[in-house]
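Participant: below is the sequence, then the predicted model.
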Amino acid sequence: MIKHLTHDMIDKKRWDDCIAKSFNGSVYAWSWYLDIVHPKWEALIENDYERVMPLTGKTKLGISYLFQPFFVQQLGIFSQSLLSQNDVESFIHAINRKYKVVKYRLNEYNKVCDEWQFVEKHRNVELDLIYDYQYLYSNYSKNTKRNLAKAESAGLTLNRNVVAADVVQLFRNNRGHEVKHWNDREYARLLDLIETAVYHECCFLIGANNIDGQLIAGAVFMCSHDRIIFLFSGNDDNHKDKHALTFLLDSTIREFSETQYIFDFEGSDNEGLARFYKGFGGKEVFYPEIKLNNFKGIFKFACRIMGKG
């Protein structure tokens, strides 16, 4: 039986125990992560926390809607046992009882019917780090190898003492103008998220210094459930020719080679970024987004094709 729980009804100890035991658990689903990216999140719970689904919804102008918060690529259903398409349908149907508008990303292990017209697929790029570094490097593209050689020729050094505020400031100074929907509150939320994740030993940061010791790039990685997620980066546009980000990604791949980790580039639907990530030998995987709008009759259509209307 699937139950809807408001935030104050959720037993976070049992929630986190479920996430820890889930075959598709993710850093995005820890209760402390959700508390930061979407305070007062709610949930769908099956039976005794055997399967759970975080709900990051709001009500505005009397309309309830479910959406994807910043700094979270995938949510959806997390389960201690394998999920069938029917299991996923049951949770989607439960969502529709509460929200008028839905724009919510499931995770790659939540299988849905390809024929559903309210499902949109998104691309991610992943790299299995079980192989030794030489093998991984041999699968880099010629362009990635060339850019890595330029970074090494520039005399870049790895900075393991970089702090979150410096990486965020690099981003704001160079790309902040491109993301106008991020305000001071969102940047503060990001800093809180990074610092809390470091406390929970689920995050590490590295930076690249130029030959003069100046920080010219930094990267933030989340680490949980045998997965390293490239969450965020800042890069000084005045030093683009040094390819510092390529240097940082390669350094992380080298460090964690021959381990059980999956390197998750966290994107992208953008062709240029996807090409850059695949240049490290990454493979495409896809995950679904549910888009429903009761005001356009899509909800009735969805229920009908699932046989639950």
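Facilitator: Received it, and whenever you're ready, just let me know what you need.
Participant: ok so residue 196 is a strand residue?
Facilitator: No. According to DSSP: H, G, I helix; E, B strand; the rest coil, residue 196 belongs to no strand; its state is helix.
Participant: and stretch 52-72, C-alpha only, in CSV?
Facilitator: Extracted in CSV, the C-alpha atoms of stretch 52-72 (Å, rounded to 0.1, in the frame of the first residue of the first chain):
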residue,chain,number,x,y,z
VAL,A,52,10.0,5.5,-1.0
MET,A,53,9.5,8.5,-3.3
PRO,A,54,10.4,12.1,-2.3
LEU,A,55,7.9,14.7,-3.3
THR,A,56,9.2,18.2,-3.9
GLY,A,57,6.0,20.1,-4.4
LYS,A,58,4.5,23.5,-3.8
THR,A,59,1.2,25.2,-4.0
LYS,A,60,1.0,28.6,-5.8
LEU,A,61,-2.2,30.5,-6.5
GLY,A,62,-4.2,27.5,-5.3
ILE,A,63,-2.5,25.2,-7.8
SER,A,64,-0.4,22.2,-6.4
TYR,A,65,2.6,21.3,-8.6
LEU,A,66,5.5,18.9,-8.4
PHE,A,67,8.8,20.0,-9.7
GLN,A,68,12.6,19.3,-9.7
PRO,A,69,14.6,21.4,-7.2
PHE,A,70,18.0,22.9,-8.1
PHE,A,71,21.0,20.6,-7.6
VAL,A,72,19.0,17.4,-8.0
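Participant: next, the buried residues of that stretch.
Facilitator: Neighbour-count burial for stretch 52-72, counted by 16 or more other C-beta atoms under 10 Å, picks out 52-57, 65-66, 68-69, 71-72. For glycine as for every other residue, the C-beta is placed from the backbone atoms N, C-alpha and C.
Participant: now, which of these lie within strands?
Facilitator: With DSSP state E as the criterion, strands contain 52-55, 57, 65-66 from among those.
Participant: kindly indicate which of the residues you listed lies nearest residue 89.
Facilitator: In terms of C-beta to C-beta, no member of those lies closer to residue 89 than residue 53, at 12.6 Å.
Participant: list the contacts of the closest one.
Facilitator: Residue 53 makes contact with 43-45, 75-78, 91, 95 under the criterion C-beta atoms under 8 Å, 6 or more residues apart in numbering.
Participant: and what of residue 273?
Facilitator: Taking C-beta under 8 Å, 6+ apart, we find residue 273 in contact with residue 267.
Participant: relative to residue 266, how far out is it?
Facilitator: Plainly put, residue 273 is 10 Å away from residue 266 if you go by C-beta to C-beta, to the nearest Å.
Participant: now the contacts of residue 53 as a markdown table including pLDDT?
Facilitator: Converted to a markdown table, those look like this (pLDDT from 0 to 100):
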| residue | pLDDT |
| --- | --- |
| 43 | 98 |
| 44 | 97 |
| 45 | 98 |
| 75 | 98 |
| 76 | 98 |
| 77 | 98 |
| 78 | 98 |
| 91 | 95 |
| 95 | 90 |
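Participant: which among the residues you listed end up buried?
Facilitator: Using 16+ other C-beta under 10 Å, the buried members of those are 43-45, 75-78, 91, 95.
Participant: residue 73 contacts residue 124, doesn't it?
Facilitator: Yes. Using C-beta atoms under 8 Å, residue 73 is in contact with residue 124, at 7.2 Å.
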